[in-house]
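**Q** next comes the sequence, and after it the predicted model I'd like to discuss.
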Amino acid sequence: MSEFDGKSVLITGGGSGIGLATARRLLDAGARVAIAGRDTDRLEAAAKELDAGERVIAVRADVASTADVDVLIGEIQSKFGSLDGVFANAGVGLNARTADITEADFDQVVGTNFKGAFFTVQKALPILNDGGSIVFNASWLVHRGMGMGSLYAASKAAVLNLARTLAPDLADRGIRVNTVTPGHIKTEMFDAVTGNDQVREFFRGQVAIGRLGDPTDIADAVLYLLSSRSSYITGQELVVDGGLVGSVPN
């Protein structure tokens with residue numbers, strides 16, 4: 001019997017990168033998975049790649065829109081009935097000096113990274129089974145200041161605190177709430193922010209373990225936090241960064 005047999009999990013930002021890697025791991029472990037994202041073509045390609053038949057559904061949804069999230073939750077309830085886990089993973093990056101950030105930038109980053117995470121969880125609560133698990137995706141930037149990342153880091157710091165406060169709020173239902181905090185992970189968003197191989201090599205050089213992370217490194221941590229193996233863990237942060245935050249490379 002697989003670890004997630006009979007379980008259903010929602011992954012926002014599930015069409016690529018960390019979200020897609022997590023969906024693949026969950027399906028391999030027996031789960032049913034709903035992936036959501038803004039790009040219909042990307043979602044359809046992801047669902048085809050996952051090749052899990054009725055165990056995977058793909059729903060176009062911009063988590064910054066509460067109306068979209070309502071539709072998403074309705075689709076999940078219709079197809080799966082209920083949820084056992086939520087991975088609030090959808091996010092957008094921004095690499096800009098504070099003086100150059102516009103109101104539109106603010107609305108996009110905070111709307112997706114914080115508002116989207118909050119309302120994804122809030123609206124999932126009626127169909128989230130007691131004893132379920134919620135995992136938020138934060139960022140190493142909540143621990144180290146970087147001048148070009150003020151808005152992005154602040155939005156992720158809000159998510160980290162949200163997990164800590166939701167943990168006692170939902171404890172009476174046996175729902176656990178935790179955060180996974182990635183370091184430098186090889187994803188499309190990382191490539192877009194870093195821009196070129198020279199910059200990516202600079203970031204790799206900051207990592208004590210000597211390599212950039214793979215999306216599966218984060219996916220494995222998320223599966224642990226979603227599973228019964230972490231049944232006594234809530235309100236916590238699991239940093240998966242190859243030593244980026246806490247160590248100085250040789």
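**A** Everything's here; your move.
**Q** other residues contacting the strand ranked longest in the chain?
**A** Within the chain, and with DSSP state E defining each element, the longest strand by residue count is strand 128-137. For strand 128-137, the surrounding residues in contact (CB atoms under 8 Å, 6 or more residues apart in numbering) are 13, 18, 82-89, 91, 117, 121, 159-160, 162-163, 166, 170, 173-180, 182, 218, 222, 225-227, 230. Glycine gets a C-beta too; all of them are placed from N, C-alpha and C.
**Q** how about stretch 17-28?
**A** So stretch 17-28 is in contact with 2, 4, 9, 11-14, 33, 35, 37, 46, 49-50, 52, 55-56, 87, 89-90, 137, 182, 185, 187-189, 214-216, 218-220, 222-223, 226, going by CB under 8 Å, 6+ apart.
**Q** in the helix or strand just after the longest strand of the chain, what counts as buried?
**A** Using DSSP states H and E, the helix or strand that follows strand 128-137 towards the C-terminus is helix 150-169. By 16 or more other CB atoms under 10 Å, the buried positions in helix 150-169 come out as 150-160, 162-163, 166-167.
**Q** hang on, isn't residue 16 packed against residue 187?
**A** Yes. Residue 16 is in contact with residue 187 according to CB atoms under 8 Å; the separation is 7.1 Å.
**Q** just want to know which of these two has more residues nearby.
**A** Comparing residue 16 with residue 187 by other CB atoms under 10 Å, the one with more neighbours is residue 187, at 23 against 19.
**Q** could you check the pLDDT of the spatially closest residue to the more buried one that is not a sequence neighbour?
**A** Closest residue to residue 187 apart from its sequence neighbours, by CB to CB, 6 or more residues apart in numbering: residue 17 at 3.6 Å. At residue 17, the model reports a pLDDT of 95.
**Q** low-scoring pLDDT stretches of this structure, where are they?
**A** Within the chain, the segments meeting pLDDT under 70 span 1.
**Q** tell me the contacts of residue 210?
**A** 204, 242, 249.
**Q** and the gap between the residue sitting nearest the centre point of the chain and residue 194?
**A** Residue closest to the average C-alpha location in the chain (CA atoms, centre = their mean): residue 89, at 1.9 Å. For residue 89, the distance to residue 194 (CB to CB, to the nearest Å) stands at 20 Å.
**Q** now, which of the buried residues of helix 150-169 sits nearest residue 237?
**A** Minimum distance to residue 237 across the buried residues of helix 150-169 is 6.3 Å, recorded for residue 160 (CB to CB).
**Q** ok, which stretches of the protein are helices?
**A** In the chain, the helices defined using DSSP state H lie at 17-28, 40-50, 66-80, 103-110, 116-124, 150-169, 188-194, 197-204, 215-226.
**Q** what's the fifth one in contact with?
**A** Going back to what we said before, that points to helix 116-124. Residues outside helix 116-124 that contact it (CB under 8 Å, 6+ apart): 10, 12, 62-64, 66, 69-70, 72-73, 76, 83, 86, 88, 90, 134, 136, 159, 162, 166.
**Q** what about the closest residue to residue 52 other than its chain neighbours, how many residues nearby?
**A** Leaving aside its sequence neighbours, residue 52 sits nearest to residue 27 (CB to CB, 6+ apart; 4.8 Å). Residues near residue 27, counting by other CB under 10 Å, number 20.
**Q** ok so, going back, most neighbours among the contacts of residue 210, please name it.
**A** Neighbour tally across the contacts of residue 210 (other CB under 10 Å): the maximum, 23 neighbours, falls on residue 242.
**Q** quick check: the residue nearest to that one when sequence neighbours are not counted vs residue 250, distance?
**A** Nearest non-adjacent residue to residue 242, counting by CB to CB, 6+ apart: residue 209, 3.8 Å away. Distance, residue 209 to residue 250, using CB to CB: 11 Å.
**Q** between those two, which one's more packed in?
**A** The residue with more neighbours, out of residue 209 and residue 250, is residue 209; 13 against 5, by other CB under 10 Å.
**Q** was I right to think the more buried one contacts residue 240?
**A** No. Using CB under 8 Å, residue 209 makes no contact with residue 240, being 10.8 Å away.
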